[in-house]
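S.K.: Sharing a model prediction with you, sequence too.
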Amino acid sequence: MKLSTGLAKFLITIGVLFSALISALSHGSDEVQALDWSDLMPAGFSDEALFADYDVSAFEDGDPEGQRRLEEFQEILQSAPVIESLDGQLISLPGFALPLEGDYEATSLFLLVPYFGACIHVPPPPSNQIVLVRADPGVKIETLFAPVKVSGRIRIETTDTGIAHAGYTLDLTNIETIEDF
């Protein structure tokens, strides 16, 4: 069976469009989405609401019930729900960098957190408010006190860094120091 030139071109065009659609769906969009920290939390989830049932002043040091409640609370923080539809997307997100690997010249692994001092204080933010950033090759973090904006492909991947549990990872493509956010 011989196809006409017009029909052959049409079928090739449909094939190319279909292939591009499949590629976009499997690899995420190539358009960078500017996100805010609230975009990393499912609707109805509130990190502030997590604290509502926990009055630490009701317990004394060494109180077994207080210890049990603390462990329960930490488990809730470490398993906070994420937004599955973000997996594989190119995003940008402002925050503060907390280096985990590297030195003053190059940091290859760091946490991005929504406010200065997060993860240094106990307890850390919920895991859906912590992003583990992989920077290959390493990048220079100018100062820990200034906010940065990172860009890259985000993944749904829970990681225990020893400091905190991150609900997301990001393969860094760009980092810049910003004035405020």
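M.R.: Received, thanks. Everything quoted here is computed from the prediction, not taken from an experiment. Numbering: from 1, shown residues only.

S.K.: The strand or helix carrying Phe110 pairs with which strands, and in what direction?
M.R.: Here Phe110, judged by DSSP states H and E, is contained in strand 107-113. Partner strands for strand 107-113, per DSSP bridges, with pairing direction: strand 90-102 (antiparallel), strand 131-139 (antiparallel).

S.K.: Please, where are all the helices along this protein?
M.R.: Applying DSSP state H to the chain gives helices spanning 5-27, 47-50, 64-78.

S.K.: can I get the CA coordinates of the last one in PDB?
M.R.: Extracted C-alpha coordinates of helix 64-78, given in PDB (Å, rounded to 0.1, in the frame of the first residue of the first chain):
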ATOM      1  CA  PRO A  64       8.000   9.200  80.000                       C
ATOM      2  CA  GLU A  65       4.700  10.500  78.700                       C
ATOM      3  CA  GLY A  66       6.500  13.700  77.500                       C
ATOM      4  CA  GLN A  67       9.200  11.500  75.700                       C
ATOM      5  CA  ARG A  68       6.500   9.400  74.100                       C
ATOM      6  CA  ARG A  69       4.600  12.500  72.800                       C
ATOM      7  CA  LEU A  70       7.900  14.000  71.500                       C
ATOM      8  CA  GLU A  71       8.700  10.800  69.600                       C
ATOM      9  CA  GLU A  72       5.100  10.800  68.200                       C
ATOM     10  CA  PHE A  73       5.400  14.400  67.200                       C
ATOM     11  CA  GLN A  74       8.800  13.800  65.500                       C
ATOM     12  CA  GLU A  75       7.300  11.000  63.500                       C
ATOM     13  CA  ILE A  76       4.500  13.300  62.300                       C
ATOM     14  CA  LEU A  77       7.100  15.900  61.200                       C
ATOM     15  CA  GLN A  78       9.200  13.300  59.400                       C
END
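
S.K.: Show me what the mean pLDDT comes to for it.
M.R.: If you average the pLDDT over helix 64-78, you get 82.

S.K.: how about it: buried residues?
M.R.: Across helix 64-78, burial judged by 16 or more other C-beta atoms under 10 Å covers Arg69, Leu70, Phe73, Leu77, Gln78. In short, each C-beta sits where N, CA and C put it, glycine included.
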